[in-house]
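K.L.:
Kindly return the folded structure for what I paste below:
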Amino acid sequence: LTLILYSQVSSQPAKEITTTTKTDSPNTSASPKPTIELTAAKVPSAKTTTADYLTSTALSVSYTSNQESLSKVMTSSTTNSTISPTTSAADNCSDVDMTIIERQERSITLLIKWNEKDCSVQHINMNHNDTQKNVSFNNETLSTTIRIFKLEPCTKYNIIVIISCSTCNKSLAINNQTLDPAIDRVSNLSATSKYNNATQRVNLQLSWEQPTTWPKEHCSRLEYVITCEGAFKNGPIHRNCKENDLEVFDDVNANKNYSCSVKAYSRNTFSQAEFIWGKTEVGRAPKPTGLKAVPGGTNDTWNATITWKETVITNGEIKQYKVCWSRNAIVKEPEKCEATNGNQSTFELKGLAAFTKYNVTVHAITRTRNGENITGENANHTFTSTDGIPSKPEDLSASLKKDVDNAFIVRWKKPSSPKGEVKDYEIHIYCGTHCENKKTVNNSTFRAEFSNLYHSTTYNITVFARNTYLGMKASIIFDTSYNSKATIGVMAFFICLIIVVLLFMTCKMLKAKGLLIKRNGYSLPIPMPTREPTLLEVQPILAEELQNVYETKAASDFKTFQQEFESIPRVWKSNPSKEAQQPHNNGKNRYSDILPYDNNRVRLVSNGGKPGSDYINASYINGYKESKKYICAQGPMEETAAEFWTMIWEQKTAVIIMVTRCIEGGKNKCYQYWPRQKGKKLEFKSLSVTNNEVMLYPDYIITKISLNHGGNSRIITHVQFTKWPDHGVPDDPDLLLRLRRRVLSFCNFFDGPMVVHCSAGVGRSGTFIAISSLMEMLEDEGRIDVYGFVVSLRQQRCLMVQVEDQYILIHQVLLEHQLYGDTEISLAELRTVLPSLLTKESETEPSSLELEFQKVPDYEEMQNVGTTAANINYNRSQHVIAYDYNRVKLKRMEAYSDHESDCEDDDESDDEAEDYINASYLNGYHALGTFIATQGPLQNTLAHFWHMVFQKDCHNIVMLTELTEGGVEQCYQYWPEKDAQTYGEVEVQLVETEKPNEELTVRRFNIKHKQKCREVRQFQIHSWRGKVVPSSNKGLIEIIKTIQMKQEIFGFKRPIVVHCSDGAERTGTFCALWNILESGRMEGMVDVFQTVKKLRLQRPAMIKTLDHYRFCYETVVKVIKVQNGVPASTVSKQSPDSKTPDEVVLEMDDVPDVTNKKQESNADAPLITGATDDEKKPQEKGIENKS
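P.N.:
You can find the predicted model right below:
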């Protein structure tokens, strides 16, 4: 052995000592020659610590081993091991100590101390596998650090060190083990997800192989840590596995994205994680909701329309529904089953028996990725088919009333087959043309009495049972008795006299009125001429007077509007509709009372010469100073779809405006006459219709259609407005202004008439045409004539602008435009428009942006709940209190069930006990109720805050304030720092805190109520501290990108809680920015004014300063990149897996007044592109400085 002494604190040169190594091997020449390196320290001061020795001095002993290197790592504690000193006769030394101060994979470091100066380490003996290595040397220091390295990993060694001093000798022994080697990653990690038919659940199976280089024979066993998140019902999974290479998870949600990682570990040494991502298998669909049956039919055929709400599921795509039905009889009949065509939510049952109880079940069918069908949960419903025609009453009889010879009693029994609930019975008696009598009795009476009849007269008696229909008759003939006391001649005389008198008086009256004409000696009444009712004189309204006139007419509960509307004839009688009433055209009319006039109906020219071949329920409508600008049509039926497309081709129409959905309120409003999905084609006689492109937007859907005929092709733009409610009119007038702008962008001077249709083609269609035409009049003449234009519409098609609300809506839309104008700007123009908006003509004059901001109205809505004595102290600011109509309502937690809030809201249960919180639902760009805007919690509202987060299933909280700013509390700290804390009924545990940058802190919480646990993330912005607007937009954009990405990946979009101090200024700015960026990304258009206006309608004091308003504009310019005039990334086009246009607009009753609407998008597209403040290009900074 060679010992080399190094001193890192002394200037002395290295000293080499050669010693002899003793081994047990008989052949020393064959043994590996170990090399020992030793470094000694100077005598340390009394204050020197063990750590000083490690950093200043190292004494190393090394030896060479011919064993193979170990590759596997096991992390172990570096706690000092216990020393077992070995004594002998000479061992009388005191204060000699040896400690292990470090262990590594291939080394052990010892610290040896003694007090006598004349001591030295005589030799070191290492015993491993019966092999000893000894070394002896002198050392004059009072302590030394010895590092023995090049050892084997995870190997136990017995180390003996002998200290020799002038007065004594001492041996010290220690047993210890080197650490495990570094661990490689697991290999061949794979995941498999399957649907188990037996358990009706989806599982996830992970498998892997252990690292191939792990030395099993030396080191401890490998164990594994599995971490998974995303698809698991109880939140993220952390699981330890011992020596398994297979793990199965049964508590996973179907059709959800997941990510898993597997780490191998030995003791405390971990390998790097191996990751895998994927999506779990499609699962079983829940039972459809809202299942109901609407029985129908005629008196000889019976059917029922089965409807249910379209099932919104996240665990797969519904391929079709299966409907089964059978009679609800004592002897059970076999079920009949049929599958729907696709995922339609209606089904017609035909061939039913009348007044029969039926059981019907409906379940959805999903399909695994291997093509296997999965039967969903059944929804059950029992209904009774409609009434049929009752059979005749049984055992009909009649008998004279006792002692009266001109009266009789009719008796019967109920029908043997009533085919419904008998409501009453109708009894007729007649004895010829001169006498007839009728009575109706209730369903519990089976007799009727007739008196004062003619004597000696034969009466025909018939009895009918009635349910919905008048049933079959039972008849008998019965004679009354002769009355000898009566003088028949006298009676006949009086009867004749009365008849003559009546005839004389009638003729005299008619003659007096001049209503008799002579024809062949007979007088006949002359029919009254038909006249149109007298119209009111309603003056056109000047643009500058429009607001005052509207407010005047709206006073007194809109009575003036009502009078104007009701004075307009519904149908213009001077314009007949004879062709529409022809028998061969009856089946072509969706509604029998809404028919086109003959003088302006659209005539087809290419359907042959058969009767009715030129007919379609459509009318030419004049626009403002332009004849036949529009064609107003009913919504096509399946039988008339071919004629509809023929009309489109013949009229050279390029734009179709559809102002309805195919199904509304469970009723068919319009046939799906165009292909639903991109690339699909429909054939209509000689015409083929191909869907080239679908662009989905929150308010409307644009479909580009290729219409082909005889080798020629045209492009048709189909614009479907989806925000018209089932009942009433849109609440927001700006929606129709935006629709008009989109429609006009597709129009060309050389195109044929625009086709506008709803269901009947009169109400909504007439409203849109009136708005569009009167907008032109307003711009051209500076005035509007709503009354006159609606009159002209009615003269061209009956019932145009069908209800009073639509008549008022026309005024509201025109007033909206007059007050606020068109504030929408394309992104391509925004960079050049913004500097001009910010420019002032002089220091005293406001800029255009200031004038625009000053126009944003404030609203006064009901705030009764938040201002009560019981709730007033729960408000941080008395100027910002949630409106009643869209406030967030909380159930008391003691009455709350964990199963209530996952997919539904409880805000409509006003009768239940509730807790108050100053929070409001705010609409997002895509969906209603995207945000919950609330104040920074007070100390007395902490429980309510966490109850809201839990009940509304919120996963993200955005905090836009510090706890205190300028020494004033802005928000009470509502989360614990260390240990879990309970707020009311919800336990909150802080799991993790991150600071991605100086502007942002992200906290991750686990919140728990009863047995249900959820993960919530909080994003706190610091760039707003003490400033009017943030010093940088980087943190805000990071939050928006992160939340949107999570929503796209995991598919759930529950409300986002946003708060500052009062829940208005900063909160409003964040929500406005979110919506504006989404609008710009989707449509290439932004409307800051309308966005802020709508937010103020939902919560008081939203964006109250010009600085916040300007910040929204400037952030959009900085963040969204524009290429060739359009945003660099849009997601509006329909992806292959997107819902069809009619499916995109679903029932919107998830949140009261603020409903959830499903919007599909391309998850692969970047959510927000462009530079943040820290990434601005020089020219962009120039724009900012100029502004």
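K.L.:
mind listing the helices for the stretch 701-850 of the chain?
P.N.:
Taking DSSP state H, counting those that start in this stretch as the test, the helices found in the stretch 701-850 of the chain are 734-744, 763-781, 786-796, 804-820, 827-838, 848-855.
K.L.:
In the second one, which residues are buried?
P.N.:
What it means is helix 763-781. 763-775, 777-778 (16 or more other CB atoms under 10 Å). Every residue, glycine included, has its C-beta placed from N, CA and C.
K.L.:
try the fifth one
P.N.:
By neighbour count on 16+ other CB under 10 Å, the buried set for helix 827-838 is Leu827, Ala828, Leu830, Leu834, Leu837, Leu838.
K.L.:
Tally up the residues packed near the closest residue to the third one other than its chain neighbours, please.
P.N.:
On the basis of CB to CB, 6 or more residues apart in numbering, the spatially nearest residue to Leu830 that is not a chain neighbour turns out to be Val1117, at 5.9 Å. Applying other CB atoms under 10 Å, we find 21 other residues in the vicinity of Val1117.
K.L.:
Thr458 too?
P.N.:
11.
K.L.:
which residues sit in contact with the residue lying closest to it once chain neighbours are set aside?
P.N.:
Excluding the flanking residues, the one nearest Thr458 by CB to CB, 6+ apart is Asp479, at 5.1 Å. Contact analysis of Asp479 by CB atoms under 8 Å, 6 or more residues apart in numbering lists Ser456, Thr457, Thr458, Tyr459.
K.L.:
I would like the residues contacting stretch 742-758, please.
P.N.:
618, 620-621, 628-636, 647-648, 651-660, 669-670, 700, 702, 717, 719, 724, 764-765, 768-769, 772.
K.L.:
rewinding a little: kindly reformat the buried residues of helix 827-838 as TSV and extend each row with distance to Arg147 and pLDDT.
P.N.:
Shown next, in TSV, are these (distance: CB to CB, whole Å; pLDDT from 0 to 100):
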residue	distance to Arg147	pLDDT
Leu827	66	91
Ala828	70	89
Leu830	68	92
Leu834	68	93
Leu837	72	94
Leu838	70	93
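K.L.:
Need the max-distance pair from those.
P.N.:
Within those, Ala828 and Leu838 form the most distant pair, 18.5 Å apart (CB to CB).
K.L.:
The stretch 51-200 of the chain: strands as residue ranges?
P.N.:
In the stretch 51-200 of the chain, strands defined by DSSP state E, counting those that start in this stretch lie at 60-62, 83-86, 97-103, 107-113, 119-128, 131-136, 143-149, 156-165, 169-177, 187-196, listed in chain order.
K.L.:
among those, which is nearest His1108?
P.N.:
Among these, strand 187-196 sits nearest to His1108 (CB to CB), with 46.9 Å.
K.L.:
who does Asn437 bridge with?
P.N.:
Partner residues in beta bridges with Asn437, using DSSP bridges, are Ile429.
K.L.:
ok, Phe684 to Pro636 distance?
P.N.:
Distance, Phe684 to Pro636, using CB to CB, to the nearest Å: 10 Å.
K.L.:
still on that earlier bit, what's the closest of the helices of the stretch 701-850 of the chain to Arg221?
P.N.:
helix 827-838 (60.5 Å).
K.L.:
picking up where we left off before, just tell me which of the helices of the stretch 701-850 of the chain ends up closest to Val360.
P.N.:
Between the helices of the stretch 701-850 of the chain, helix 763-781 lies closest to Val360; by CB to CB that is 33.3 Å.
K.L.:
CA atoms only for the closest one - export them in CSV, please.
P.N.:
Extracted in CSV, the C-alpha atoms of helix 763-781 (Å, rounded to 0.1, in the frame of the first residue of the first chain):
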residue,chain,number,x,y,z
GLY,A,763,-91.9,35.9,-37.3
ARG,A,764,-88.2,35.7,-36.9
SER,A,765,-87.6,36.0,-40.6
GLY,A,766,-89.7,39.1,-40.9
THR,A,767,-87.9,40.6,-37.9
PHE,A,768,-84.5,40.1,-39.4
ILE,A,769,-85.6,41.6,-42.8
ALA,A,770,-87.2,44.6,-41.0
ILE,A,771,-84.0,45.2,-39.0
SER,A,772,-81.7,44.9,-42.0
SER,A,773,-83.9,47.1,-44.2
LEU,A,774,-84.6,49.8,-41.6
MET,A,775,-80.9,50.0,-40.8
GLU,A,776,-80.4,51.0,-44.5
MET,A,777,-83.2,53.6,-44.1
LEU,A,778,-81.6,55.0,-40.9
GLU,A,779,-78.3,55.4,-42.6
ASP,A,780,-79.8,56.8,-45.8
GLU,A,781,-82.5,59.1,-44.5
